[in-house]
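Colleague: A structural model of the following input is requested.
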Amino acid sequence: MKGKSHPSAQSVRLSSRRGMSRAAVAVARSILVSAYFMLQRDEPYADLRADWLCRRNDDAQTRRLVARLERLGHTVVLDPAA
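Modeller: Reported below is the predicted structural model:
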């Protein structure tokens with residue numbers, strides 16, 4: 001998802017699970033909430049980038065990916081990088 005904006009990535013992520021109509025409503029709501037807080041706080045727009053969910057919680061993503069590999073029948077041993 002490199003090079004995409006957060007709303008674009010959100011739309012792709014949601015449309016695969018919920019359908020295009022619901023994804024469009026969810027993205028519109030996110031944009032409306034963002035606009036409300038930008039106006040309230042007098043701040044410029046700062047895009048979160050498409051990989052925001054991945055960067056948000058690395059530990060949770062590690063657990064999800066390990067669980068996914070184990071469901072596929074792999075044994076996972078984690079060795080942290082130096």
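Colleague: Okay, helices next: where are they in this structure?
Modeller: 6-18, 20-41, 52-56, 58-71 (DSSP state H).
Colleague: lowest confidence element among the helices and strands of the chain?
Modeller: helix 52-56 (a mean of 70; mean pLDDT, DSSP states H and E).
Colleague: Pull the number of nearby residues for residue 61.
Modeller: 13 (other C-beta atoms under 10 Å). Bear in mind the C-beta positions are built from the backbone N, C-alpha and C, glycine included.
Colleague: any idea how far it is from residue 51?
Modeller: Distance, residue 61 to residue 51, using C-beta to C-beta, to the nearest Å: 11 Å.
Colleague: go on, residue 67?
Modeller: Taking C-beta to C-beta, one finds residue 67 at 20 Å from residue 51.
Colleague: again, but for residue 29
Modeller: Taking C-beta to C-beta, one finds residue 29 at 21 Å from residue 51.
Colleague: same thing with residue 76?
Modeller: From residue 76 to residue 51 the distance is 22 Å (C-beta to C-beta).
Colleague: Let me know whether residue 10 touches residue 27 as I believe.
Modeller: Yes: here residue 10 reaches residue 27: they are 5.5 Å apart, a contact under C-beta atoms under 8 Å.
Colleague: Low-confidence ranges, this structure, go.
Modeller: Low-confidence segments of the chain (pLDDT under 70): 1-3, 50, 53-54.
Colleague: Among residue 29 and residue 51, which residue is more densely surrounded?
Modeller: Comparing residue 29 with residue 51 by other C-beta under 10 Å, the one with more neighbours is residue 51, at 13 against 10.
Colleague: Roughly how far does the more buried one sit from residue 45?
Modeller: 18 Å.
Colleague: ok, now residue 11?
Modeller: Taking C-beta to C-beta, one finds residue 11 at 17 Å from residue 45.
Colleague: What of residue 68?
Modeller: Residue 68 sits at a distance of 34 Å from residue 45 (criterion: C-beta to C-beta).
Colleague: between these two, which one's more packed in?
Modeller: Set residue 68 next to residue 45 and count neighbours by other C-beta under 10 Å: residue 68 wins out with 11 against 8.
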